[in-house]
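**Student:** Below is the structure, and that's it, no one-letter string:
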């Protein structure tokens, strides 16, 4: 079974600064996906970024980028130029890569990020 | 708008009552699932389905039933609500190698 660990329950960053959220995972699989989801106060789960394990290049989406270290089983999220709208709970998630669609998401416990003025 | 629709958004139940949380998607996704979200525990998988007529248990299935008679709908039934089932419930669907699409959630309180 897979486990996902987010060791930072809460973090705070000033507007326009950069913050990094940590995530580690444990798996015996070699092919998988990793995700970061954002959950603002509206409760909606929003996909921020996705990384495919077989790709060495780190994924980026505008101000969001990841540092994927496969050997260390680490998947951190960097938010650059933080904005007030980035205030949310952030979840790291793992999904085994199957040829079919029967792949389940395993979530970490989340990091609550507060962006301040 | 394409997506996953959950109803209701809020619900209060008395212990022992039953109810059904509705979930519908219009993206023709084969895979659908139900998660519950509790403080400090992230989201945990309750039940999932890989297609019409096929369901299976997730990590925390006790006290919940599901069925999948159509591709579009995947209702979650609480047979006899307990205070331990107070939580936020999310339905999610997936059609391929992309990430999941989540509904907006149902906040359920059992008193």
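**Tutor:** Done, it's in. Small disclaimer: the values here were computed from a predicted structure and weren't measured. Numbering: from 1, shown residues only, chains lettered A, B, ... in the order given.

**Student:** and the end-to-end length of stretch A:24-42?
**Tutor:** Distance across stretch A:24-42, first residue to last, is 27 Å (CA to CA, to the nearest Å).

**Student:** State the pLDDT value of residue A:99.
**Tutor:** What the model reports for residue A:99 is a pLDDT of 56.

**Student:** One more: residue A:27?
**Tutor:** So, for residue A:27, pLDDT stands at 93.

**Student:** could you measure it against chain B, distance?
**Tutor:** The span separating residue A:27 from chain B equals 16 Å under the rule CB to the nearest CB, to the nearest Å. Using the backbone N, CA and C atoms, a C-beta is placed for each residue, glycine as well.

**Student:** Do I have it right that residue A:27 meets residue A:97?
**Tutor:** No. Look at residue A:27 against residue A:97 with CB atoms under 8 Å: they stay out of range, at 11.0 Å.

**Student:** And the strands in chain B, which stretches?
**Tutor:** Along chain B, the stretches classed as strands by DSSP state E are B:4-7, B:10-13, B:19-25, B:31-38, B:42-51, B:54-57, B:64-66, B:76-78, B:87-94, B:101-102, B:106-110.

**Student:** which one of those strands lies closest to residue A:111?
**Tutor:** Closest approach to residue A:111 among the strands of chain B (CB to CB): strand B:42-51, 10.5 Å.

**Student:** Only the buried residues of the closest one, if you could.
**Tutor:** B:42, B:43, B:44, B:45, B:46, B:47, B:48, B:49, B:50 (16 or more other CB atoms under 10 Å in any protein chain shown).
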